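*Asks:* mind looking at a prediction? Sequence and model below.
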Amino acid sequence: MNPCAYLRHFLVSVTLLTLGPLAGCAPSPEPMQTVRDHYFYGGLAAFHEGLPAEAASQWQRAAELGDGEAARNLAHLYRQGLGVEADGHMAQAWYQVAADAGVISAEYNLGMLYMKGGAGLPANPDEGMKRLTRAAEAGFPPAKAELERLAAAAPPSAPPATAAESPPAPVPVAAEPVPAPATAEPVPVRMQIGSYRTRAAAEQDWKRLRLKGLSFEIIANRVGEQGRWYRLVAVGPAETIGAFCGSAQAKGMSCWSRTKGITGTK
């Protein structure tokens, strides 16, 4: 064998032997989660490109595979009649699927749906208050804000009748100070703002928004035959994300957030 050819063959063999074991060290995502993420983010890309019917199809596939956040997004479409016929009962059903999967914001969405009613679904304020309270107790800021608004708007109740002679008030006793419990490190929440054809367009939109208290990620993702898209994702504390979502929904905009890690190519 030619000496140069032999040396080239030797170097290639050594490289393959060296890199082969390292390839097995890289953690691989759980296969079903990869499939769910494909449909979830495919739905986001379709929605932001003005294709709500395609978004509904993608999110339904992800929801049927167990993605609670996709179920919540699909319920948004049924509530607003985007890409599908407006249907309050379908919105309620998919919000319930999301809530059962542990998506706290879906409890809030259910509460608001019950308070106002939907297409073909009559309002049920008692159930709405129960859902809003459940979301507020779980720490969802828009639910707390809505309960406070409802309490402020409620008419004042008549003062209770007092007895002729009231017993003396008990003397307050100073309680022993209780040490504050240790708090766990908050889990950051990710919220997709939009999908863009170029990274520069995503960066420009982030500078325009100027969201205080949040950082951002730009993640490249290939969506079927549509090619490469760049997702602009805001990252930060749940309260800050929740406040932004609350203001967006008050303006008639939808909010798509996700607490899990986002897959894609940086």
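*Replies:* That came through fine. Residues are numbered from 1 along each chain as shown.
*Asks:* now do the phi/psi pair for residue 193.
*Replies:* Dihedral angles phi and psi of residue 193 (degrees, to the nearest 10) take the values phi -90, psi -40.
*Asks:* before we move on, what about residue 118?
*Replies:* Torsion angles, degrees, to the nearest 10, at residue 118: phi -140, psi -170.
*Asks:* what bridges to it?
*Replies:* residue 121 (DSSP bridges).
*Asks:* so it makes contact with residue 90?
*Replies:* No: using Cβ atoms under 8 Å, residue 118 is not in contact with residue 90, being 9.0 Å away. Yep, even glycine has a C-beta here, placed from its N, CA and C like the rest.
*Asks:* which SSE is immediately downstream of the lowest-mean-pLDDT helix or strand in the chain?
*Replies:* Every helix and strand in the chain was compared by mean pLDDT, DSSP states H and E; the lowest is helix 3-23, with a mean of 42. Going down the chain from helix 3-23, the next helix or strand is helix 31-48, by DSSP states H and E.
*Asks:* how about the helix or strand following that next one: buried residues?
*Replies:* Sequence order places helix 52-64 as the next helix or strand after helix 31-48, per DSSP H and E. Applying a neighbour-count criterion of 16 or more other Cβ atoms under 10 Å, one finds 52, 54, 55, 56, 57, 58, 59, 60, 61, 62, 63 buried in helix 52-64.
*Asks:* tell me the one of those residues nearest residue 80?
*Replies:* When the buried residues of helix 52-64 are ranked by distance to residue 80 (Cβ to Cβ), residue 52 comes first, at 8.9 Å.
*Asks:* would you mind measuring from that closest one to residue 59?
*Replies:* For residue 52, the distance to residue 59 equals 10 Å [Cβ to Cβ, to the nearest Å].
*Asks:* shared neighbours of these two, anything?
*Replies:* residue 77 (Cβ atoms under 8 Å, 6 or more residues apart in numbering).
*Asks:* show me what the helix or strand where residue 110 lies is packed up against.
*Replies:* Using DSSP H and E, residue 110 sits in helix 104-116. When contacts are defined as 3 or more Cβ pairs under 8 Å, 6 or more residues apart in numbering; DSSP states H and E, helix 104-116 packs onto helix 68-80, helix 88-100, helix 125-137, helix 141-153.
*Asks:* among those helices, which is nearest residue 107?
*Replies:* Using Cβ to Cβ, the helices and strands packed on helix 104-116 put helix 125-137 closest to residue 107, at 3.9 Å.
*Asks:* in that closest one, what counts as buried?
*Replies:* 128, 129, 131, 132, 134, 135, 136.
*Asks:* closest one of those residues to residue 42?
*Replies:* residue 135 (27.9 Å).
*Asks:* I'd like the distance from residue 81 to residue 204, if you could.
*Replies:* Taking Cβ to Cβ, one finds residue 81 at 31 Å from residue 204.
*Asks:* do the same with residue 144
*Replies:* 34 Å.
*Asks:* same question, residue 113
*Replies:* On the measure of Cβ to Cβ, residue 113 and residue 204 end up 35 Å apart.
*Asks:* more neighbours: which of those two?
*Replies:* Higher neighbour count among residue 113 and residue 204: residue 113, with 22 against 12, using other Cβ atoms under 10 Å.
*Asks:* so who does that one touch?
*Replies:* Here residue 113 is in contact with 79, 88, 91, 92, 95, 121, 128 (criterion: Cβ under 8 Å, 6+ apart).
*Asks:* make TSV out of the residues you listed and add pLDDT and distance to residue 41.
*Replies:* Formatted as TSV, the contacts of residue 113 follow (pLDDT from 0 to 100; distance: Cβ to Cβ, whole Å):
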residue	pLDDT	distance to residue 41
79	95	22
88	94	27
91	95	22
92	94	25
95	95	21
121	93	29
128	93	31
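*Asks:* please convert those to JSON lines, extending it with distance to residue 211.
*Replies:* JSON lines is the format used below for the contacts of residue 113 (distance: Cβ to Cβ, whole Å):
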{"residue": "79", "distance to residue 211": "25"}
{"residue": "88", "distance to residue 211": "32"}
{"residue": "91", "distance to residue 211": "28"}
{"residue": "92", "distance to residue 211": "31"}
{"residue": "95", "distance to residue 211": "26"}
{"residue": "121", "distance to residue 211": "34"}
{"residue": "128", "distance to residue 211": "30"}
